[in-house]
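Trainee: Fold the stuff below for me.
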Amino acid sequence: MLHGKIYIAESKGNPSKAIITSANFTDSGLKNKHEWGVMLEDTVQLSKIIEDVNNNSIQLMYEEIEQIIKKIDNYISENERVDTPKIDLGISGIYMKRKRFPPSLTTDLKQNVRYFIKPVGWSDRPFDINRRLSTDIEELHFAKRPAAIGIGDIIICYGVGTTKLIGYFEAVEEAINLNNESRWPWVIKAKNLCPDYSEHWNTYDNTISSVQKSYPQGYAVTFNGHPNLGGLQYGGDKIRLDVNFAKHMIGIIENK
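Mentor: Sure thing, here's the model as predicted:
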């Protein structure tokens, strides 16, 4: 299904060029994925497109967006999450060149569980080398509502600055909005699954870079099939991991 978008570039307040494409406006969408699009340079038509969009759109106020989010959160809290069943068509042999699943790393993990990696701290305030996360229940903060993370999902954390792994956690509650002025108003409570590692995380040299280097090169490390965690460099507060790479990271933490 084509989910087309139009990206319009302006110069001095006037439209100059546009791209119509199915690609998302991200580094991955525009550079790495095989997406098609067309470029428009007719400024008259571009002005008409902008006018049509403005005339047929409803501008949402901040309060209205908050109400919509609350309705979504209320629905989620009152209804059980239904996981989409996984379908195995047995066609992996057709596209083995993608090398998504390392043969030696395909043993079972929990079924219907999603795995994420998350930075803790930020560039202006890195995760201090002497800081520890809770060995029991930790509050993990997010800039936007982490809708993809549900109860039972696993979150692997690393410290901004050192980039060292600092532990892995299981979400025990749905995300809540603290409704404050914080840069990260969304919170998920999660249980530390390897407290001993988190107590001594700074004594291990398990950085994001070293963990990726210890994984078979060319295999996917993210759920979307990317071979690296480059998205974390662009301010992402989480990335969903390929299950096999998640197992690799958890194994490093558990085996210390």
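
Trainee: Check which helix or strand residue 151 maps to.
Mentor: Secondary structure assignment for residue 151, by DSSP states H and E: no helix or strand.

Trainee: For the residue lying closest to it once chain neighbours are set aside, the count of nearby residues, please.
Mentor: In space, and not counting its chain neighbours, residue 151 is closest to residue 171: 5.5 Å by CB to CB, 6 or more residues apart in numbering. For glycine as for every other residue, the C-beta is placed from the backbone atoms N, C-alpha and C. By the measure other CB atoms under 10 Å, the count of residues near residue 171 is 22.

Trainee: contacting residues around the residue lying closest to residue 36 once chain neighbours are set aside?
Mentor: Counting by CB to CB, 6+ apart, residue 36 lies nearest to residue 21, which is 6.8 Å off, once chain neighbours are set aside. With contact taken as CB atoms under 8 Å, 6 or more residues apart in numbering, residue 21 is in contact with 4, 5, 7, 35, 36, 37, 38.

Trainee: Relative to residue 70, which of the residues you listed is nearest.
Mentor: Using CB to CB, residue 5 is the member of the contacts of residue 21 that lies nearest residue 70, at 27.8 Å.

Trainee: I'd guessed that closest one sits against residue 18; true?
Mentor: No - Residue 5 is beyond contact range of residue 18, at 10.2 Å (criterion: CB atoms under 8 Å).

Trainee: And these two? Which one has more around it.
Mentor: A direct count of neighbours by other CB under 10 Å for residue 5 and residue 18 places residue 18 higher, at 22 against 13.

Trainee: any idea which helix or strand carries the more buried one?
Mentor: Under the criterion of DSSP H and E, residue 18 resides in strand 14-21.

Trainee: Give me the next element, helix or strand, following that strand.
Mentor: helix 27.

Trainee: how far is that following helix from where the chain is centred?
Mentor: Chain-centre distance of helix 27: 14 Å, with CA atoms, centre = their mean, to the nearest Å.

Trainee: what residues does the helix or strand just after that helix touch?
Mentor: With elements assigned by DSSP H and E, the helix or strand that comes after helix 27 is strand 37-40. Surrounding strand 37-40, the residues in contact under the criterion CB under 8 Å, 6+ apart are 17, 18, 19, 20, 21, 22, 23, 46.

Trainee: show me the contacts for the fourth one.
Mentor: Right, residue 20. Residues in contact with residue 20 (CB under 8 Å, 6+ apart) are 4, 5, 6, 37, 38, 40.

Trainee: ok, these vs residue 175, which is closest?
Mentor: Using CB to CB, residue 5 comes nearest to residue 175 of the contacts of residue 20, at 27.4 Å.

Trainee: Can you give me the buried ones in stretch 126-138?
Mentor: 126, 127, 133, 138 (16 or more other CB atoms under 10 Å).

Trainee: Can you tell me which of the residues you listed is nearest residue 65?
Mentor: Of the buried residues of stretch 126-138, the one sitting nearest to residue 65 (CB to CB) turns out to be residue 138, at 28.6 Å.

Trainee: Spell out the secondary structure type for the closest residue to the closest one other than its chain neighbours.
Mentor: Excluding the flanking residues, the one nearest residue 138 by CB to CB, 6+ apart is residue 190, at 5.7 Å. Judged by DSSP: H, G, I helix; E, B strand; the rest coil, the three-state class of residue 190 is strand.

Trainee: and what of residue 196?
Mentor: helix.
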